[in-house]
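Q: pasted the sequence and its predicted model underneath.
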There are 2 protein chains.
Amino acid sequence: MIPLTAAKAKEARVAEQEQAAGRGSSTRDRLIDSAVRLFGEKGFEATSLRAVTDAADSNVAAVNYHFGSKEGLLRAVIDGTMRAVNEERRRRLDELEARSPVPSVAELVRAFVEPGVALTTGHGVNGSVVERFIGRMMGESDPRVRQIFADQVDRVEGRYLAAMARALPGRDEGDVRFAYTSMLGLLSLHQSGVFTAVEWPRRQTSGAQREGSEIIESERLVDFITGGILSLFSGESSR
Amino acid sequence: MIPLTAAKAKEARVAEQEQAAGRGSSTRDRLIDSAVRLFGEKGFEATSLRAVTDAADSNVAAVNYHFGSKEGLLRAVIDGTMRAVNEERRRRLDELEARSPVPSVAELVRAFVEPGVALTTGHGVNGSVVERFIGRMMGESDPRVRQIFADQVDRVEGRYLAAMARALPGRDEGDVRFAYTSMLGLLSLHQSGVFTAVEWPRRQTSGAQREGSEIIESERLVDFITGGILSLFSGESSR
DNA sequence: ATCCGTTTGAAACGAGTGTTTGAAACGATC
DNA sequence: GATCGTTTCAAACACTCGTTTCAAACGGAT
């Protein structure tokens, strides 16, 4: 009796997950979906394997079967989420460089930030979960996480650094790298929800205004970063 | 025999710690010193109580005796490290507002960032440890940590937000808050060592050039943030 | 020398972690 | 329908975590 109702409850939850995931979900897919959400909400180390498997209506053995280890699961999740973002960035960089050999700083920043902020399309129902996950991973302290993440980011950052250096002639690599890292860091802070969601305890946003606001936030971010980089290299804002 | 040598070894290590801490170190002081360093290096949750007590040549019971719990230890550490920074910020804000009723954005940013970056003086031998600790705490995900930290930051941020709003007339609170949070976030990323120390795996800095470079880094940070805020409100950089 | 509040120390507790195991259940192939 | 590799599951494993306990050591006042 009880096993029957338990199985039924699982079926229902699985169906719910399938709907959220967008298409037929194997255990593997459900594990990845839950991991993206939980890793993004609480961080990698703070999320237990059992929390993931419970949310995915599976059990801990399945993780080791499909991914070998918790770290293997993280690797799979990072690969899955970052691939689309990186491809979009590369595509937009191609587009920019096809139009002009030396794109402006503003164009470069926009081409880097926007694929990160607005990846709602192409990643299941809501990409905001993926957003938060990526942002959270950027700020993770665990060196293993940083390594796995860097392995993915490295695929585009070389080209971006080169393009940025061309857009800012006459500056050494350290300055360019500072600009790039600041951009990456601000994007991370924005996406991780530290800015908007948790925030220093003030009024919490009701979550209702969440359509046009994202575009505004993205604009703010692009403006801030672009202005920061430019004034960094003109060096006249504060001296 | 063995207990004697063990006691001797402890004495030596305690003496070493006392030298590092700058003055006579009770168990309580040694615990705090070790906690600052380890929390800053690995984060709060990732640092076990035993790692702290081992480094301080004490044991776990001492933590609960002196601070009640691990969270109590964190609270004591945050209080101790943030007090000086906040006081310095308040002092410089007083100074600015005494000279002019509406300080410029550049002046405000400088008065906020520099006390954070250059608190080497007044905090034991090397304040860079404290720097990293504070930066790490700013980016911590655990809501308890964020709460404790916010309790300390709140003491100045109200005045800073007001001053920033006056320096940027005609903008709503959301924009001002975005500017403030970006400043805080960038400072945090800078201090936590994510920018410089760990970094995406490229060449690691030898650690030799560590005198004038900090000043340069601080300048870079101030320039970037100031420029970012200003262009955020002129809104012409990318449109 | 005795007492007593303060501080330290070793050991144990219960809860939670990632990982491993071995036996079931499943699904296709012969 | 028996057999095979694949996939799932409950249980156990070894370990670490923060916390608690209780006895011992310390240090000044009586």
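A: Now that the structure is in, tell me what you want to look at.

Q: can you tell me the average pLDDT over the helix or strand hosting residue A:149?
A: Per DSSP states H and E: residue A:149 is located in helix A:143-167. For helix A:143-167, mean pLDDT rounds to 88.

Q: what's next to that helix, contact-wise?
A: Here helix A:143-167 makes contact (Cβ atoms under 8 Å, 6 or more residues apart in numbering or on different chains) with A:44, A:71, A:74-75, A:78-79, A:82-83, A:86, A:89-90, A:93, A:96-97, A:101-105, A:108, A:112, A:137-138, A:140, A:171, A:173, A:176-177, A:179-180, A:184, B:198, B:200-201. For glycine as for every other residue, the C-beta is placed from the backbone atoms N, C-alpha and C.

Q: keep those residues, but drop any that are not near DNA strand C.
A: Among these, the residues within reach of DNA strand C (Cβ under 7 Å from any atom of the strand) are residue A:71.

Q: selecting buried members of the contacts of helix A:143-167 in PyMOL, what would you type?
A: Command for PyMOL that selects the buried part of those, burial taken from 16 or more other Cβ atoms under 10 Å in any protein chain shown:
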select buried, (chain A and resi 44+74+75+78+82+86+89+90+93+96+97+103+105+108+112+137+138+140+176+177+179+180+184) or (chain B and resi 200)
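
Q: just the ones of the contacts of helix A:143-167 in helices?
A: A:71, A:74-75, A:78-79, A:82-83, A:86, A:89-90, A:93, A:96-97, A:105, A:108, A:112, A:137-138, A:173, A:176-177, A:179-180, A:184 (DSSP state H).

Q: can you point out the buried residues in the helix holding residue A:149?
A: Buried, per 16+ other Cβ under 10 Å, within helix A:143-167: A:145-146, A:148-150, A:152-153, A:156-157, A:160-161, A:163-165, A:167.

Q: check those against DNA strand C and report the nearest one.
A: Ranked by distance to DNA strand C (Cβ to the nearest atom of the strand), those are led by residue A:145 at 12.7 Å.

Q: how close does that closest one sit to DNA strand D?
A: Taking Cβ to the nearest atom of the strand, to the nearest Å as the measure, residue A:145 falls 17 Å from DNA strand D.

Q: same question for residue A:47.
A: For residue A:47, the distance to DNA strand D - Cβ to the nearest atom of the strand - is 15 Å.

Q: that residue in helix, strand or coil?
A: Three-state call for residue A:47 (DSSP: H, G, I helix; E, B strand; the rest coil): coil.

Q: what's the neighbour count on residue A:168?
A: 18 (other Cβ atoms under 10 Å in any protein chain shown).

Q: residues contacting it?
A: Residue A:168 is in contact with A:105, A:175, A:176, A:179, A:229, A:233, counting by Cβ under 8 Å, 6+ apart.

Q: check which helix or strand covers the most centrally placed residue in chain A.
A: The centroid of chain A falls nearest to residue A:134 when counting by Cα atoms, centre = their mean (2.3 Å). For residue A:134, the element it lies in under DSSP H and E is helix A:128-138.

Q: tell me if that helix is near chain B.
A: Yes: against chain B, helix A:128-138 shows contacts by Cβ under 8 Å from any Cβ of the partner chain at residue A:136.

Q: now that helix and helix A:143-167, what's the angle there?
A: 90 degrees (axes from the mean of the first three to the mean of the last three Cα atoms, to 10 degrees).

Q: now do helix A:128-138: everything it contacts.
A: Contacts for helix A:128-138 (Cβ under 8 Å, 6+ apart): A:36-37, A:39-41, A:43-44, A:77-78, A:81-82, A:85, A:116-117, A:119-120, A:123-124, A:145, A:149, A:184-185, A:187-194, A:197, B:141.

Q: quick one: distance of that helix to the chain centre.
A: Mean C-alpha position of helix A:128-138 versus that of the full chain (Cα atoms, centre = their mean, to the nearest Å) differs by 4 Å.

Q: just stretch A:216-225 next, same as before
A: 17 Å.

Q: cool, stretch A:85-95 as well?
A: That offset, for stretch A:85-95, works out to 15 Å (Cα atoms, centre = their mean).

Q: so how far is residue A:143 from the residue nearest to residue A:141 when sequence neighbours are not counted?
A: Nearest residue to residue A:141, sequence neighbours excluded (Cβ to Cβ, 6 or more residues apart in numbering or on different chains): residue B:43, at 4.7 Å. Going from residue B:43 to residue A:143 by Cβ to Cβ, to the nearest Å gives 11 Å.

Q: the helix-or-strand element of chain A with minimal mean pLDDT: what's the following helix or strand?
A: Scoring the helices and strands of chain A by mean pLDDT, DSSP states H and E places helix A:2-21 at the bottom, with a mean of 52. Next in sequence after helix A:2-21, counting helices and strands by DSSP H and E, comes helix A:27-42.
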